[in-house]
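J.: fold the following for me, if possible:
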Amino acid sequence: MNLNDGDKTMSLQESISAELKAAMKSRDTVRTDAIRVLIGEFQRQPDKQLADQQVVGIIRKLIKSEKELLAVSGREDSGFIAIMEGFLPRQPGEEEIRAWIAGHVDFSQFGNKMQAMKPIMAHFGSTVDGNTVKRILQGIDV
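T.: Just a heads-up that it's a prediction; the model follows:
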């Protein structure tokens, strides 16, 4: 189930809670356990209701942590990362980012091209990886 295509009035946190119920009904223990870890992180936050950006931040933190654990243990992917990535908003591709930069960024306004990261990141928000934007900017001839 891809939550990003579902009911837009439901917050990401609510969608994840609904997904837990669906995973439990289908007896998908790997998915159920992964979602329970995520919901546990929600419950550790000071706010009961989290903004979608906060939820995305928690998901990214869990993915990073899992990748580090897998690297240390030498194990292959546990399936957890794929489940967590399924809750993240669609990330724009490099071509989409390049096209936006070409149409909206005037490099003459910046001392160097890396200073353009701020408006780019502000536009794309949490849907884009900063390292991807940095790599694109490094490859641009100004």
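J.: C-alpha only now, for contacts and for neighbours.
T.: Noted.
J.: would you mark the buried spots in the helix or strand where residue 136 lies?
T.: Secondary structure from DSSP states H and E places residue 136 in helix 130-139. Applying a neighbour-count criterion of 16 or more other Cα atoms under 10 Å, one finds 130, 133, 136-137 buried in helix 130-139.
J.: average pLDDT for it, rounded please.
T.: Helix 130-139 comes out with an average pLDDT of 89.
J.: over to stretch 14-23?
T.: Mean predicted confidence for stretch 14-23 is 94.
J.: now stretch 44-60
T.: 91.
J.: okay, buried residues for it please.
T.: Neighbour count says stretch 44-60 has 50, 52, 54-56, 58-60 buried, by 16+ other Cα under 10 Å.
J.: report pLDDT for the closest residue to residue 91 other than its chain neighbours.
T.: Closest residue to residue 91 apart from its sequence neighbours, by Cα to Cα, 6 or more residues apart in numbering: residue 127 at 5.0 Å. You'll see residue 127 listed with a pLDDT of 77.
J.: before we move on, what about residue 66?
T.: 92.
J.: repeat that for residue 76.
T.: Residue 76 carries a pLDDT score of 77 in this model.
J.: before we move on, what about residue 11?
T.: Listed pLDDT for residue 11 reads 88.
J.: number of nearby residues for it?
T.: Residues lying near residue 11 (other Cα atoms under 10 Å) number 15.
J.: for the buried residues of stretch 44-60, give me CSV that also has secondary structure.
T.: Formatted as CSV, the buried residues of stretch 44-60 follow (DSSP: H, G, I helix; E, B strand; the rest coil):
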residue, secondary structure
50, coil
52, helix
54, helix
55, helix
56, helix
58, helix
59, helix
60, helix
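J.: now those residues in CSV, with distance to residue 74?
T.: Formatted as CSV, these follow (distance: Cα to Cα, whole Å):
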residue, distance to residue 74
50, 34
52, 32
54, 30
55, 28
56, 27
58, 24
59, 22
60, 21
